[in-house]
Structure formats: structure tokens, C-alpha cells
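Visitor: Fold the following, please.
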Amino acid sequence: MPRRAMGTPEKAKDFKKSISDLVKYCRPYLIAIVIAVILAMISSILSIIGPDKLRDITNLITEGLMGSINMTEIKRISLILLIIYLISAILGYLEQYIMAVVTNKFSKQMRREITEKINRMPLRYFDKNSYGDILSRVTNDVDTLSQTLNQSLGSLVSAITLLIGSVIMMFVTNGIMALTAILSSVFGFVFMTLVISRSQKYFDALQNGIGKLNGHIEEMYAGHNVVRAYNGVEDANEKFAMINDEIYENVRRGQFLSGLMHPFMGFIGNFGYVCVCIVGALLTMNNVIDFGVIVAFMLYVRLFTQPLSQIAQSLSSLQSCAAASERVFTFLREEDMSVENTNIKLDPSKVKGDITFDHVKFGYDEDKVIIKDFNVDIKSGEKIAIVGPTGAGKTTMVNLLMKFYDIKDGDIKIDGISTKELTRKNIHDLFIMVLQDTWVFEGSIKENIKYNNKKVSDEDIEKVCKIVGLHHFIKTLPNGYDTVLSDNETLSSGQKQLLTIARGMIKNAPFLILDEATSSVDTRTEELVQKAMDKLTEGRTSFIIAHRLSTIKNADLILMMQEGNIVEMGNHEELLKLNGKYAELYNSQFESMEE
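Guide: Model prediction:
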């Protein structure tokens, strides 16, 4: 899908929507945020009072140079200043502590909601987006949101309070000096606005670039052996360099523009000092103000320009936050799987095992139909083999049966009940599924076998492993069934497949799906696994997807698929006698083996 150009109405609409969503997600922490904001404001207000007291001290010292210095009054004012600044520091600490707690809770909630969102999303989303980009949203983008809210929100509020408070105090003290300080700094506002408007697009591109880079790295490391075997390291490095250069360029341009704000605002502040000193000197010479006012205004100018620099820095950080929030909330706004409003539930222990495919049609894209008109009636306990060339729709049919995807037209019925009327969770409880791609997580062998099935006893696990042929191997490991599978304890592809088969056997369900389950084992192990599979299929309606046709000779029904349709149907002997597509595929395999 082509990326929308920066600055388009759609982009601006998405950006505003993301900011609105961010505000909504902050509502549970609104009270804590308000308290933190109030503390920051009070702390800033106390800081503003300081210059006024310093003016009094300066005037006392000036008067003392002409006579005697009133040390008692100076000590009193100094003590007041010390108390003011101490309270301001304590309130600033409390504000930082509250914001740290709030942002950590916010990021925790955000990660939880993203995880829950991932489990609600249809598989087609993951077909179109790289895992690395999705992981980047969960980690990098959420961290950017959390850190920015923690570091920038309080600073922004304090800076705005200081800015407004210092302006008020300056006008209260002297209007002419106040106008001098403000006019000398007005260029800073204009410059800051221009920089922010120009640099936002680079921060957006930066976050997207980080997602692309994570996706590329995840793909390259997942297939590292293939990349090296095909001498694809140079191409992988070139693509990495291209994405990395793109990130570098966006960072360079964005930071260049944002980096201009701090030194420029520093120049504006120093320029304000000069203007205040010149105008203040003229007013003092004409006895309009005393010398203490100049000292106070020099501090006010610092309090006025310092917030401008803080605001510029905070807005620069908030630009990254806005880009990250757009990626996160765009993900959270993605369409969920269809809502299931049904009270119908099939008990796995009472399911008979009949399945009917009734004129099923399906396509991953609206304009590309893969399954065109699939019809078959399967009886309880039958062993169904689905064969055909690559892309014929074999695995797609299993995905539809498991309700990983919603069918476009037609119906699939289990014991006469449409899968549309059953929840996905209920359907998944009815099936044992052993896939070609093995999945083993970091944990003990025992935990891997009884995954999400806590009622299984150690005796049952050992019995299943003996059937599969894993028991002897497991006993040779240092801790037997309690051996933790990690980088130090690696399994071969065949052993991983046997482990996933054992995981499937331990689950008592009426239906079984084997998707190339023996593809990763050798011929001798395949014979052992085949025997175990024969025991596993007893009393269950089984679906077997296989490219090696020698493994499905004893199937009750073989469905020969081609271009999404069943072109031949029957058992092994019947299809060979038919001398059609199945016979052609079967004979070609044996010819290749003989060669």
C-alpha cells in the first residue's frame, strides 16, 4: 500500500485523531496529571517571586552604600527567598515523581492493550505487515510516548507558567521595561513556530523508518542461514544501509531544524539582557526607576526567555511523541476480527465429528478468489487427505475450518451447526493442530508438551512421548523432562516436530489437523511417527495435508485440489485407477525418487 504524502488532508486527519486518542487514553490518570501540573505551576510561581525579593535586597544594598546596610532586613528577605526556593524544589520533585508513576502506568496499559489488540486482529493484517514493524510499535513507539510525556509535559507546563507569570510581574514592575523585554524576544516566537511546522514531517518519517528497520532486521535474523547460504549478506546489508541512511537523513534534518531553536533562543535571551540594560540605564538616569529594577528585570528576562527555550525543546520532543502516537493509535484503530455474538457451544467430549463444506468461496483479496466452490461431506472418524500442487488452497481450507479467516460465501458446518454460529475459541477447543512450522518456546520440555493444558499429569506426558519416540532422547538430557529448552539446549528440526506432535496428542479433541507434520523428520523417524499418527487418528475426524503421497495411502478419502476446487475425490486405489491428476502427481513423485 503506498504511503500517503506528508501534509495531505488524510495525514492531518490521522494525526489529529491520534492526538485525540492519546488524550482519551490519559483520562484514567487525569487527576494525577492535574496534580502534577498544579505542583509545576506553583513551583514556577514561587520562582517568579524570587526576582522581586532580589530587587528589594539590591535596593537595600544601594541605600547602604550611601549610609549603613540594614543586615537584619537583608537576612529576613534572604530567609524568605531560601524558603521559597526550597518549597519550589520540593514541589518540582513531587511533580516529577507523579509524572514518572503516571507515564509508567500509561505505558504498561498501552502495551497490554496492544497485546490484546494483536490477539483480536485478523491474520490478514499480519500477512501485509512485517513482524518487526509491529514489534517496533509495542517497544520503541510506546517507550517514546512514555519518555516524552514524562520529561516534556511537566517542563512544558512549568515553562508556560513561568512565561505568563514573568510577563505579569514585568508589567507590574515597569511597563516600559516589560515592553522592551517582550519586543526583543518576539522574533523567538516567530522562529520557533516556523521550525516546528517544518520539522514535524521528519519526525514522522523517523518513526516509520525505525519500524521498517526493525522489520528488516527481524526478517534477516529469522532467515540468517538462508541469507548466508544464498550469499545474500551483501544485498541484506545494502537494504539495511539504505533504510539506515533514510533514518539518518530524517534525524539529521529534524534535529538540525529543532537544534536551531536552543541556540537561537539563547541569542534572543542575551539580546534581551542588552536591551533591558540599555533602557534601564536610561530610565535610571532620569530617576524613573531605581537600580534594583534593572537587576530584577535581568532575572525576569531570564525567566522569560528560559521558558521559550524549554517550550522549544519540549515541543521538539512532543513532535517525536506525536509521530509515535500516530503509529500506535493507527495500529489500535485497525479493524478487529468480526464480533461473535452467540451462545451456541459445542462440547468437545460430545461432538460426533461430522463436517460439511457447503459451496465455500474465499479470497485473501476481494478481487482474487482462491477457493471458488468447495463442497465435501465428511463423516465422523474419517481420515481425509488433502493433496495438490502448491497454491491449490490446501492450507487455506484448514485456515477457514479453524476460523482463522472468515469465508466470503457458503458455509462450513460441524455436526450440522455453522461455524459462523460458534466462537473461534470453541472451534479451537475442538481441534488438535500439528503444523509444518514447529514452535517451541523457552521453557521445560514438560511445559512445552502440556502448553495451556494444566490438567495433564506427568504420567500422561511420559506415555505420549513413548508413543511418539521422544522418551529415550529426553531421558538422555541432564534434567529429563524438566530440561529447559534454550539456546544452550537446542533440538533438531525433527525433534522439535516430534515434540509438537506430542503436544497435539496430549490434547483430547474430536478433530485432528496435520499440515505437513512429518516433513522435517527422516524416513526412519517418519515410520515411527506414522504409527503414532495412526493411533492419534483413531476415533477422530482427521485432516492431513501432505506433499509426500506415500504417507496418506491409508486415508479414507483423498481430495485432489487444483486452483481452489476439488478436481478428484476417492481413496488411493480409486484415484490411481482413475488415472487422472492424482495418479499423475503420485507417479511423478516415485519417478523422481527412482531418478
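Visitor: tally of neighbours for residue 442?
Guide: By the criterion of other CB atoms under 10 Å, residue 442 has 11 neighbours. All C-beta atoms are positioned from the backbone trio N, CA, C, and that covers glycine.
Visitor: quick one: pLDDT of it?
Guide: Note on residue 442: pLDDT of 77.
Visitor: That one and residue 485, how far apart?
Guide: Computed as CB to CB, to the nearest Å, the residue 442 to residue 485 distance reads 6 Å.
Visitor: again with residue 307
Guide: Here the criterion is CB to CB. By it, residue 307 lies 56 Å from residue 485.
Visitor: so who does residue 408 touch?
Guide: Residue 408 makes contact with 361-363, 369 under the criterion CB atoms under 8 Å, 6 or more residues apart in numbering.
Visitor: So for stretch 315-331, mean pLDDT?
Guide: 77.
Visitor: Mind jotting down where the helices sit in the stretch 201-350 of the chain?
Guide: Counting by DSSP state H, counting those that start in this stretch, the stretch 201-350 of the chain has these helices, from start to end: 224-229, 233-285, 291-332.
Visitor: tell me the most buried of those helices?
Guide: Per residue and on average, the most neighbours among the helices of the stretch 201-350 of the chain fall to helix 291-332, with a mean of 22 (mean count of other CB atoms under 10 Å).
Visitor: now the next helix or strand after it, how far from the centre of its chain.
Guide: The helix or strand immediately downstream of helix 291-332 is strand 355-362, counting by DSSP states H and E. Its chain's C-alpha centre and that of strand 355-362 lie 35 Å apart, by CA atoms, centre = their mean, to the nearest Å.
Visitor: Could you report the neighbour count for the nearest residue in space to residue 342 that is not next to it in sequence?
Guide: Counting by CB to CB, 6 or more residues apart in numbering, residue 342 lies nearest to residue 421, which is 5.2 Å off, once chain neighbours are set aside. The local packing of residue 421 (other CB under 10 Å) involves 17 other residues.
Visitor: Isn't residue 421 up against residue 343?
Guide: No: Residue 421 is beyond contact range of residue 343, at 9.3 Å (criterion: CB atoms under 8 Å).
Visitor: Can you point out the buried residues in whichever strand or helix holds residue 494?
Guide: Using DSSP H and E, residue 494 sits in helix 493-505. For helix 493-505, burial by neighbour count (16 or more other CB atoms under 10 Å) applies to 494-505.
Visitor: who does that helix touch, helix- and strand-wise?
Guide: Counting contacts by 3 or more CB pairs under 8 Å, 6 or more residues apart in numbering; DSSP states H and E, helix 493-505 packs against strand 431-434, helix 445-449, helix 458-468, helix 523-537.
Visitor: same for the first one, what does it pack against?
Guide: Helices and strands touching strand 431-434, by 3+ CB pairs under 8 Å, 6+ apart, are helix 493-505, strand 511-515.
Visitor: who's in contact with stretch 451-471?
Guide: Here stretch 451-471 has contacts from 441, 446, 449-450, 474, 481, 495, 498-499, 501-503, 505-507, 525, 528-529, 532, 535, using CB under 8 Å, 6+ apart.
Visitor: Give me the residue at the spatial middle of the chain.
Guide: The chain has residue 138 as the residue nearest its centroid, 2.4 Å off, counting by CA atoms, centre = their mean.
Visitor: you'd agree that residue is up against residue 115?
Guide: Yes: judged on CB under 8 Å, residue 138 makes contact with residue 115 at a distance of 7.5 Å.
Visitor: Now the buried members of the contacts of residue 408.
Guide: Here, 16+ other CB under 10 Å leaves 362-363, 369 buried among the contacts of residue 408.
Visitor: Just put those residues in CSV and tack on distance to residue 81 and pLDDT.
Guide: Output for the buried ones among the contacts of residue 408, formatted as CSV (distance: CB to CB, whole Å; pLDDT from 0 to 100):
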residue, distance to residue 81, pLDDT
362, 76, 85
363, 75, 81
369, 79, 78
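Visitor: Let me know the closest of these to residue 208.
Guide: Using CB to CB, residue 363 comes nearest to residue 208 of these, at 29.1 Å.
Visitor: Distance check, the closest residue to that closest one other than its chain neighbours against residue 395.
Guide: Leaving aside its chain neighbours, residue 363 sits nearest to residue 369 (4.0 Å; criterion: CB to CB, 6+ apart). Here the criterion is CB to CB. By it, residue 369 lies 16 Å from residue 395.
Visitor: how near is residue 411 to residue 360?
Guide: From residue 411 across to residue 360, the span is 7 Å (CB to CB).
Visitor: neighbour count winner among those two?
Guide: Between residue 411 and residue 360, counting by other CB under 10 Å, residue 360 is the more crowded of the two (24 against 14).
Visitor: from memory that one sits against residue 399, does it?
Guide: No: applying CB under 8 Å, one finds residue 360 not in contact with residue 399, separated by 11.7 Å.
Visitor: Off-centre distance for stretch 122-134?
Guide: Centroid displacement of stretch 122-134 relative to its chain, using CA atoms, centre = their mean, is 11 Å.
Visitor: Using PDB, list the CA coordinates for that stretch.
Guide: Presented in PDB, the C-alpha positions along stretch 122-134 are these (Å, rounded to 0.1, in the frame of the first residue of the first chain):
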ATOM      1  CA  PRO A 122      -7.400 -10.900  11.700                       C
ATOM      2  CA  LEU A 123      -4.500 -12.800  10.200                       C
ATOM      3  CA  ARG A 124      -4.600 -10.800   7.000                       C
ATOM      4  CA  TYR A 125      -3.100  -7.800   8.900                       C
ATOM      5  CA  PHE A 126       0.000  -9.900   9.700                       C
ATOM      6  CA  ASP A 127       0.100 -11.100   6.100                       C
ATOM      7  CA  LYS A 128       0.600  -7.500   5.000                       C
ATOM      8  CA  ASN A 129       2.800  -6.100   7.800                       C
ATOM      9  CA  SER A 130       6.200  -7.200   9.000                       C
ATOM     10  CA  TYR A 131       6.500  -8.600  12.500                       C
ATOM     11  CA  GLY A 132       9.500  -6.200  13.100                       C
ATOM     12  CA  ASP A 133       7.300  -3.100  12.400                       C
ATOM     13  CA  ILE A 134       4.600  -4.400  14.800                       C
END
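Visitor: Flag every buried residue along it.
Guide: Within stretch 122-134, the residues that qualify as buried by neighbour count (16+ other CB under 10 Å) are 129-130, 132-134.
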